[in-house]
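>>> Okay, predicted coordinates and the sequence, questions at the end:
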Amino acid sequence: MAPQLSFAEVLRLREVRRIWMAQIVSVFGDFLAVFAVFSVVTFQLHGTATQVSMILVAYMLPLAVISPLAGVFVDKWNVKWTMIASDLVRAALVLVLVFMRPNLNAIYAIFFALSTVSSFFIPAQSVAVRAIAPAAGLLAVNALMSQAVQGSQIISPAISGLLVQWFGANSCFLFDSASFVFSAAMVMSVAIHRQRSAAAAASSVLSSLLQGFRFILTHAALSFVILSMTAGMFAVRCFGALLSIYVRDVLVSTAALFGILNSLIGIGMIAGTQSIHRFARKIPQQYLVIYGLSGMGAAVFVTAVFGKVATTALGMLAIGFCAALVFIPAQTLLQKETPHDMLGRVSSSVMSLMAISQVLAMFVAGPVAQKAGIRNLYFGSAVMLVSIGAVGLGRLRKPQAPAESAAEDENVA
């Protein structure tokens with residue numbers, strides 16, 4: 001396998017460093033606002049499992065429906081200005097939360113609007129990362145971008161819970177709005193030179209959309225990893241959407257523990273991210289995805305079996321560690337294997353599949369948890385994740401055996 005650049009080496013690149021700084025501040029603000037909303041709905045409005053899960057449904061629905069079309073326009077538009085405009089619009093939308101009274105329908109509407117704008121920002125950011133990072137540094141850059149999320153996940157939930165209790169949820173919303181403005185300023189200072197073909201710019205929206213889906217379905221390595229992740233995401237979201245309810249009803253605890261558990265997921269992800277280079281030197285990226293999904297299933301199972309604070313904390317650490325093994329290799333594989341002028345469409349199509357699986361999971365999770373119990377829902381999620389890992393491992397091994405034998409014969413010859 002080709003040698004990979006280290007974190008220090010890619011951070012010496014000015015453009016990478018600034019995009020990374022924008023990610024750190026913006027994601028930290030996002031987590032503050034998201035956990036503030038979950039805390040308000042769960043512990044102040046006493047929302048049901050279905051009402052809590054509908055917050056994520058409102059956010060995921062545009063990612064599922066709008067993302068494929070958004071990716072087409074990202075491939076045609078200026079990536080830099082798409083990111084800047086998206087940040088500024090989201091800053092304004094978050095401010096609306098400051099001036100309204102706590103209301104479920106209004107929260108659903110704002111999350112829907114935020115997600116619609118994010119449908120353009122996320123694929124644009126993926127294109128920008130591919131444009132500013134050398135191929136040998138993609139794994140490191142994706143790991144750094146992931147660490148920005150993980151670090152925020154460690155710090156922000158506990159801070160958000162305290163800020164909501166001491167100063168109210170508006171303090172979190174104000175910071176989130178300011179973080180989007182900071183992100184826009186950082187992106188403004190970055191030079192992004194993207195390779196685009198004249199054919200891609202001239203093609204129709206429908207033709208461009210079909211090209212993206214066709215590429216995913218006909219690329220053997222990408223299609224398998226993406227389908228595995230889609231099914232796995234369904235199971236993971238069944239677990240994660242109702243973690244606040246699990247804390248309240250099973251662990252009989254408060255928003256503070258909910259924040260701490262989410263922070264432990266972030267700690268686990270940082271540990272996994274720091275280990276990714278060591279694993280990637282010996283294990284193909286497709287296998288890392290499968291192993292990560294199986295590990296997440298085992299962690300969810302431990303959480304559901306014991307129903308104690310200590311074992312739940314251990315489960316959160318393991319879920320975070322294994323999640324890093326899933327998403328960082330998958331994102332890197334996607335960026336390396338996709339042509340530059342199709343990356344917006346392909347990234348957004350993948351995001352759409354992920355979102356569809358999550359929306360379906362959240363429609364299922366709330367009612368099932370209310371009827372069968374949240375622990376039984378968690379058992380089902382664990383079984384699904386482990387099963388996906390087992391099936392995926394078997395399928396990966398089957399087609400590779402003849403290819404490897406042929407390669408060995410050629411080397412001998």
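Alright, I've got the coordinates. Bear in mind that the values here come from a model prediction, so they are computed numbers and not experimental data. Numbering: from 1, shown residues only.

>>> ok, and the closest non-adjacent residue to the residue nearest the centre of the chain?
The centre of the chain sits closest to Phe327, judged by C-alpha atoms, centre = their mean, with a distance of 7.5 Å. Distances taken as C-beta to C-beta, 6 or more residues apart in numbering put Ser146 closest to Phe327, at 6.7 Å, once the chain neighbours are dropped. Glycine gets a C-beta too; all of them are placed from N, C-alpha and C.

>>> Can you report how many residues lie near the one you found?
Per other C-beta atoms under 10 Å, the neighbour tally for Ser146 reads 21.

>>> One more: Ser156?
Other residues near Ser156 come to 28 when the count uses other C-beta under 10 Å.

>>> residues contacting it?
Applying C-beta atoms under 8 Å, 6 or more residues apart in numbering, we find Ser156 in contact with 28, 31-32, 35.

>>> from the residues you listed, which is closest to Val41?
The closest of the contacts of Ser156 to Val41 turns out to be Phe35 (C-beta to C-beta; 10.8 Å).

>>> Can you tell me, leaving aside adjacent residues, what's nearest to the closest one?
Ser160 (3.9 Å).

>>> buried stuff in the helix or strand where that neighbour lies?
In the assignment (DSSP states H and E), Ser160 maps to helix 138-166. Residues of helix 138-166 classed as buried: 138-161, 163-164 (neighbour count, 16 or more other C-beta atoms under 10 Å).

>>> quick check: mean pLDDT across that helix?
Confidence for helix 138-166, expressed as mean pLDDT, is 79.

>>> Kindly report the same for stretch 13-22.
Confidence for stretch 13-22, expressed as mean pLDDT, is 92.

>>> got the contact list for that stretch?
So stretch 13-22 is in contact with 10-11, 125, 128-129, 132-133, 137, 141, 144-145, 148, 182-183, 186-187, 189-192, going by C-beta under 8 Å, 6+ apart.

>>> out of these, which are buried?
10-11, 125, 128-129, 132-133, 137, 141, 144-145, 148, 182-183, 186-187, 190, 192.

>>> Which members of these occur in strands, if any?
Nothing among the buried ones among the contacts of stretch 13-22 maps onto strands, per DSSP state E.

>>> Quick one: low-confidence residue ranges for this structure.
Within the chain, the segments meeting pLDDT under 70 span 1-3, 153, 195-205, 398-413.

>>> Out of the contacts of Ser156, which comes closest to Ala256?
Among these, and counting by C-beta to C-beta, the member closest to Ala256 is Phe35, at 11.3 Å.

>>> what's the burial count for that closest one?
Neighbour count of Phe35, defined by other C-beta under 10 Å: 26.

>>> Can you tell me the element it falls in?
helix 14-39.

>>> hmm, back to that, just checking, the residue nearest to Phe35 touches Phe175?
No - using C-beta atoms under 8 Å, Ser160 is not in contact with Phe175; the gap is 9.6 Å.

>>> which residues do these two both contact?
Counting by C-beta under 8 Å, 6+ apart, the common neighbours of Ser160 and Phe175 are 32-33.

>>> taking the buried ones among the contacts of stretch 13-22 one by one, which sit in helices?
Of the buried ones among the contacts of stretch 13-22, the ones assigned to helices by DSSP state H are 10-11, 125, 128-129, 132, 141, 144-145, 148, 182-183, 186-187.

>>> Can you tell me the closest non-neighbouring residue to Leu217?
Ser223 is the one closest to Leu217 (C-beta to C-beta, 6+ apart), at 5.7 Å.

>>> which parts of the helix holding Phe35 are buried?
15-20, 22-39.

>>> next one: stretch 339-348
340-348.

>>> any idea which of those residues is closest to Leu206?
The nearest member of these to Leu206, counting by C-beta to C-beta, is Arg345 at 11.8 Å.

>>> Can you give me every residue that contacts that closest one?
Applying C-beta under 8 Å, 6+ apart to Arg345 gives the contacts 68, 71-72, 74-75, 123, 208-209, 211-212, 215.

>>> Now render those residues as a markdown table, adding distance to Met229 and neighbour count.
Output for the contacts of Arg345, formatted as a markdown table (distance: C-beta to C-beta, whole Å; neighbours: other C-beta atoms under 10 Å):
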| residue | distance to Met229 | neighbour count |
| --- | --- | --- |
| Pro68 | 17 | 23 |
| Gly71 | 17 | 31 |
| Val72 | 22 | 25 |
| Val74 | 21 | 27 |
| Asp75 | 22 | 29 |
| Pro123 | 16 | 29 |
| Ser208 | 23 | 24 |
| Leu209 | 21 | 18 |
| Gln211 | 21 | 20 |
| Gly212 | 17 | 24 |
| Phe215 | 16 | 18 |
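
>>> Narrow those residues to those in helices?
Members of the contacts of Arg345 lying in helices (criterion: DSSP H): 68, 71-72, 74-75, 123, 208-209, 211-212, 215.

>>> Is it possible to get TSV of the residues you listed that adds distance to Leu227?
Shown next, in TSV, are these (distance: C-beta to C-beta, whole Å):
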residue	distance to Leu227
Pro68	16
Gly71	18
Val72	22
Val74	23
Asp75	23
Pro123	19
Ser208	22
Leu209	19
Gln211	19
Gly212	16
Phe215	14
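
>>> returning to what we had before: and after the helix holding Phe35, which helix or strand comes next?
By DSSP H and E, the next helix or strand past helix 14-39 is helix 49-65.

>>> So which of the contacts of Arg345 is the closest to Ser357?
Pro68 (14.6 Å).

>>> do you know how far that closest one is from Thr338?
Per C-beta to C-beta, to the nearest Å, Pro68 is found 15 Å from Thr338.

>>> Correct me if wrong: the residue nearest to the centre of the chain contacts Gln147.
No - Phe327 is not in contact with Gln147 according to C-beta under 8 Å; the separation is 11.8 Å.

>>> coming back round to it: what does the residue nearest to Leu217 show for phi and psi?
Per-residue torsions, Ser223: phi -60, psi -40 (degrees, to the nearest 10).
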